[in-house]
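Colleague: Need coordinates for the following:
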Amino acid sequence: MLPGFLAKVVDLMLGRQGRPLHLKAAGGATLVLLAVMLTGSWAVVVAEEGARGADLTSYPKALWWSVETATTVGYGDFYPVTWWGRLVGTVVMVVGITTYGMVTAALATWFVAREQKRRHHVAAETLHALHERFDRLEELVAAKKKG
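Modeller: Below you'll find the predicted structure:
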């Protein structure tokens, strides 16, 4: 059941041909972030295993740590003590920061595009009204010349 669900999510985020590039990029980055967080949680548990003073000794703790790290909240309740664990943390941070930046940019682009469409619609209506007025003026001038 889960693989079918994941396939639908991937198709929804990346598969539509008409979807703008910024939405595809944000969707792809979100999927990469999810994969990095899940894999990073596992990798940090493996890296910290048996290390003196390690708090990241279980997958649930490591998963919470990866969410904190990716969002750059960093409460400090869990942190890696080994070099490899810190390397994993760096990757999770960079991917998290990049992803949230891309999602924010996609959202901003969506708002700007909506405003541009609205302005374009208003400008098109104004242009149409002006054309109608000029047509009426031309008809009046032509009628004056004939009469």
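Colleague: Residue 92 touches residue 36, doesn't it?
Modeller: Yes. Judged on Cβ atoms under 8 Å, residue 92 makes contact with residue 36 at a distance of 5.9 Å. C-betas here are computed from N, CA, C, even on glycine.
Colleague: Going by how many neighbours each has, rank the two and give me the top one.
Modeller: Comparing residue 92 with residue 36 by other Cβ atoms under 10 Å, the one with more neighbours is residue 92, at 26 against 20.
Colleague: which helices and strands sit right next to the lengthiest helix in the chain?
Modeller: Of all the segments assigned as helix in the chain under DSSP state H, the longest by residue count is helix 83-146. With contacts taken as 3 or more Cβ pairs under 8 Å, 6 or more residues apart in numbering; DSSP states H and E, helix 83-146 sits against helix 21-48, helix 59-70.
Colleague: Nearest to residue 134, out of the ones you listed?
Modeller: Ranking those by proximity to residue 134 (Cβ to Cβ) places helix 21-48 first, at 39.3 Å.
Colleague: picking up where we left off before, can you work out which residues contact both of residue 92 and residue 36?
Modeller: 66, 70 (Cβ atoms under 8 Å, 6 or more residues apart in numbering).
Colleague: could you redo the helices and strands packed on helix 83-146 as JSON lines and give each row mean pLDDT and distance to residue 98?
Modeller: What follows is those, written out as JSON lines (pLDDT from 0 to 100; distance: least, Cβ to Cβ, whole Å):
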{"stretch": "helix 21-48", "mean pLDDT": "89", "distance to residue 98": "7"}
{"stretch": "helix 59-70", "mean pLDDT": "94", "distance to residue 98": "10"}
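Colleague: With residue 121 as the reference, name the closest of those.
Modeller: It is, among the helices and strands packed on helix 83-146 and with distance given as Cβ to Cβ, helix 21-48, at 21.5 Å.
Colleague: Just name whatever secondary elements that closest one is in contact with.
Modeller: Counting contacts by 3+ Cβ pairs under 8 Å, 6+ apart, helix 21-48 packs against helix 2-14, helix 59-70, helix 83-146.
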